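**Student:** sequence? don't have it. structure:
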């Protein structure tokens with residue numbers, strides 16, 4: 001009790017110094033509470049936004065040497081790997097009582113054209129429309145049309161893609177119009193015709209997502225040649241020579257097998273009459289010969305997918321389902337990974353986490369400055385009190401008593417002003433929650449906020465960090481001043497007095 005009285009007396013005797021130190025501590029702690037609460041709310045908003053609208057809670061995907069993403073950032077330089085043992089993995093996911101829905105998905109891109117007029121490019125997600133509506137029931141806002149009512153080659157155009165296509169082609173695009181998609185994959189360049197079933201905007205979109213249109217899986221799979229003979233041979237080469245599970249075929253095919261032997265060939269020595277006669281006798285239906293080999297190159301595998309998105313029943317179940325699916329992948333002996341929503345969000349999520357790292361680094365630097373200022377101030381205070389400390393030592397005060405006096409001074413100022421900072425930070429978060437932080441129609445901020453308005457909540461983690469920072473500041477700040485006080489000789493100190 002005596003130690004506390006002496007500590008508070010010394011603090012009150014140096015009010016200006018105490019106020020300066022206290023302000024720095026309160027500012028650092030308030031900044032820590034408000035900032036980390038904001039960033040925790042942003043991450044929670046992003047998780048809700050992405051998992052509920054684009055990525056699901058878990059994403060099962062293949063492994064490749066080059067980076068790839070669920071949400072494209074630009075034209076792919078290589079094919080996205082196919083999920084191996086897909087039927088087995090899907091069955092395992094759907095069998096779990098903790099899984100609410102799954103969505104197989106193909107990712108790609110294609111050139112658009114209408115009436116032979118080039119109409120730009122669009123990133124594409126290939127899905128089963130029924131599965132998509134079940135997985136993300138609230139992710140799309142339809143401007144026109146909606147999900148197709150029957151199977152077929154259909155596309156849902158992003159509003160941004162539609163508007164850009166109309167400007168480039170100079171042609172209005174409406175429901176029921178036919179678009180030609182030009183895709184390039186392992187099987188080469190392919191063209192497929194689709195019907196426009198709807199025009200939409202993502203409820204929580206952004207620059208990335210605004211370029212994504214949704215097409216039936218069969219069309220995109222065919223555009224990319226997924227599961228065809230060429231794709232399978234290519235995939236086998238890319239996986240250290242192991243053939244993919246989709247189709248088994250010989251990599252070597254002769255010209256006669258590919259082009260047939262029924263085509264008409266004329267030599268220079270033959271007369272025009274002979275050529276004309278021969279042409280007349282040709283069966284044009286068989287001019288290409290046996291096309292069975294070429295048919296193999298047109299076959300696609302309906303079990304070929306780039307991703308399997310999984311939505312769980314509750315956020316607490318994510319680790320359990322992830323562990324279960326990883327066990328299934330290991331048991332299947334295939335090269336696949338189970339990632340979370342952050343992997344699916346890609347660069348946007350990485351940026352948000354990087355911002356928090358930078359923020360905490362700034363707080364750390366501020367804390368170091370505060371500790372140094374407190375130490376210097378206390379050292380000056382100890383120097384000014386050399387006679388007092390000497391007298392205490394001379395009348396029997398032990399080193400432990402002097403140490404406690406300095407430590408309690410530091411802890412008192414740290415705890416008192418640390419609590420003030422926590423209250424200020426808490427008040428800031430509460431006011432921000434009531435008022436709401438608006439994105440001002442900034443798409444990037446909308447993705448970070450998980451909507452047009454962010455209402456940050458007080459983070460228990462931020463409070464815990466603040467309390468730990470307060471204790472650390474008090475403890476570290478007392479070390480050097482204490483060592484200075486303990487080196488004071490009682491005799492020399494009393495002589496100075």
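**Tutor:** Done, it's in. Note that the coordinates shown come from a computational prediction; the quantities given were computed from them, not determined experimentally. Residues are numbered from 1 along each chain as shown.

**Student:** just give the closest residue to the residue most central in space within the chain, not the sequence neighbours.
**Tutor:** The chain has residue 345 as the residue nearest its centroid, 2.6 Å off, counting by Cα atoms, centre = their mean. In space, residue 345 comes closest to residue 50 once its chain neighbours are excluded; the distance is 4.7 Å by Cβ to Cβ, 6 or more residues apart in numbering. C-beta coordinates here come from the backbone N, C-alpha and C atoms, glycine included.

**Student:** residue 217 too?
**Tutor:** Sequence neighbours aside, residue 126 is the residue nearest to residue 217 in space, at 4.1 Å (criterion: Cβ to Cβ, 6+ apart).

**Student:** residues contacting the one you found?
**Tutor:** Going by Cβ atoms under 8 Å, 6 or more residues apart in numbering, residue 126 touches 105, 106, 107, 108, 214, 215, 216, 217, 218, 219, 220, 221.

**Student:** tell me how far it lies from residue 194.
**Tutor:** Distance, residue 126 to residue 194, by Cβ to Cβ, to the nearest Å: 11 Å.

**Student:** what touches both of the two?
**Tutor:** Common contacts of residue 126 and residue 194 (Cβ under 8 Å, 6+ apart): 215, 216, 219.

**Student:** switch these over to TSV; also include neighbour count, pLDDT and secondary structure.
**Tutor:** Below are these laid out as TSV (neighbours: other Cβ atoms under 10 Å; pLDDT from 0 to 100; DSSP: H, G, I helix; E, B strand; the rest coil):
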residue	neighbour count	pLDDT	secondary structure
215	28	96	strand
216	23	96	strand
219	23	92	helix
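
**Student:** grab the two from the contacts of residue 126 that are most spread out in space.
**Tutor:** Farthest pair in these (Cβ to Cβ) is 107 and 218. Separation: 15.0 Å.

**Student:** those two: which has the busier surroundings?
**Tutor:** More crowded of residue 107 and residue 218, by other Cβ atoms under 10 Å: residue 107, with 22 against 17.

**Student:** tell me which element that one falls in.
**Tutor:** Assessed by DSSP states H and E, residue 107 sits inside strand 99-114.

**Student:** which strands and helices lie in contact with that strand?
**Tutor:** Packing partners of strand 99-114 (3 or more Cβ pairs under 8 Å, 6 or more residues apart in numbering; DSSP states H and E): helix 86-95, strand 117-127, helix 129-135, helix 159-169, strand 178-185, helix 217-224, strand 307-312.

**Student:** in the first one, what counts as buried?
**Tutor:** Okay, so that is helix 86-95. Using 16 or more other Cβ atoms under 10 Å as the burial criterion, the residues of helix 86-95 that qualify are 86, 88, 89, 90, 92, 93.

**Student:** cool, and the second one?
**Tutor:** Buried residues in strand 117-127, counted by 16+ other Cβ under 10 Å: 119, 120, 121, 122, 123, 124, 125, 126, 127.

**Student:** hey, what's the fourth one bridged with?
**Tutor:** Going back to what we said before, that points to residue 122. residue 110 (DSSP bridges).

**Student:** got the contact list for it?
**Tutor:** Residue 122 neighbours (Cβ under 8 Å, 6+ apart): 109, 110, 112, 157, 158, 161, 165, 211, 212, 213.

**Student:** would you quantify the distance from it to residue 346?
**Tutor:** Residue 122 sits 18 Å away from residue 346, going by Cβ to Cβ.

**Student:** ok, the third one next?
**Tutor:** Residue 121 sits 19 Å away from residue 346, taking Cβ to Cβ as the criterion.

**Student:** confirm residue 199 sits in a strand?
**Tutor:** Yes. Counting by DSSP: H, G, I helix; E, B strand; the rest coil, residue 199 is located in a strand.

**Student:** what is the neighbour count of it?
**Tutor:** Neighbours of residue 199 using other Cβ under 10 Å come to 23.

**Student:** contacts only, for it.
**Tutor:** If a contact means Cβ under 8 Å, 6+ apart, then residue 199 has 142, 143, 144, 145, 156, 157, 158, 159, 162, 175 as its contacts.

**Student:** and which of these is nearest residue 332?
**Tutor:** residue 156 (32.9 Å).

**Student:** I'd like to know the beta-bridge partner residues of the closest one.
**Tutor:** For residue 156, the beta-bridge partners under DSSP bridges are residue 198, residue 214.

**Student:** sorry, back to before: nearest to residue 478 among the shared contacts of residue 126 and residue 194?
**Tutor:** Closest to residue 478 out of the shared contacts of residue 126 and residue 194 is residue 215 (65.9 Å), distances taken as Cβ to Cβ.

**Student:** which non-adjacent residue is nearest the closest one?
**Tutor:** Per Cβ to Cβ, 6+ apart, closest to residue 215 is residue 155, 4.6 Å.

**Student:** might one say that the one you found is in contact with residue 217?
**Tutor:** No. Judged on Cβ atoms under 8 Å, residue 155 makes no contact with residue 217 at a distance of 11.8 Å.

**Student:** those two: which has the busier surroundings?
**Tutor:** residue 155 (28 against 23).

**Student:** ok, the more buried one to residue 193 distance?
**Tutor:** Distance of residue 155 to residue 193, given as Cβ to Cβ: 10 Å.

**Student:** mutual contacts of the two, please.
**Tutor:** 179, 181.

**Student:** which secondary element of the chain has the worst mean pLDDT?
**Tutor:** Confidence across the helices and strands of the chain bottoms out at helix 229-238, with a mean of 41, counting by mean pLDDT, DSSP states H and E.

**Student:** neighbours around the nearest residue to residue 434 once chain neighbours are set aside, how many?
**Tutor:** Spatial nearest neighbour of residue 434, chain neighbours left out: residue 455 (7.9 Å); criterion: Cβ to Cβ, 6+ apart. Other residues lying near residue 455 total 15 when counted by other Cβ under 10 Å.

**Student:** how about residue 455, what does it touch?
**Tutor:** By Cβ under 8 Å, 6+ apart, residue 455 lies in contact with 41, 432, 433, 434, 436, 437.

**Student:** element containing the first one, please.
**Tutor:** According to DSSP H and E, residue 41 maps onto helix 15-53.

**Student:** do the same with the fourth one
**Tutor:** Secondary structure from DSSP H and E places residue 434 in helix 399-435.

**Student:** what angle do that helix and helix 15-53 make?
**Tutor:** On the basis of axes from the mean of the first three to the mean of the last three Cα atoms, to 10 degrees, helix 399-435 is oriented at 50 degrees to helix 15-53.

**Student:** contacting residues for the nearest residue to residue 158 once chain neighbours are set aside?
**Tutor:** Excluding the flanking residues, the one nearest residue 158 by Cβ to Cβ, 6+ apart is residue 213, at 4.9 Å. Residues in contact with residue 213 (Cβ under 8 Å, 6+ apart) are 122, 123, 124, 125, 155, 156, 157, 158, 161.

**Student:** apply 6 Å and report the result again.
**Tutor:** Residue 213 is in contact with 122, 124, 155, 157, 158, 161, counting by Cβ atoms under 6 Å, 6 or more residues apart in numbering.
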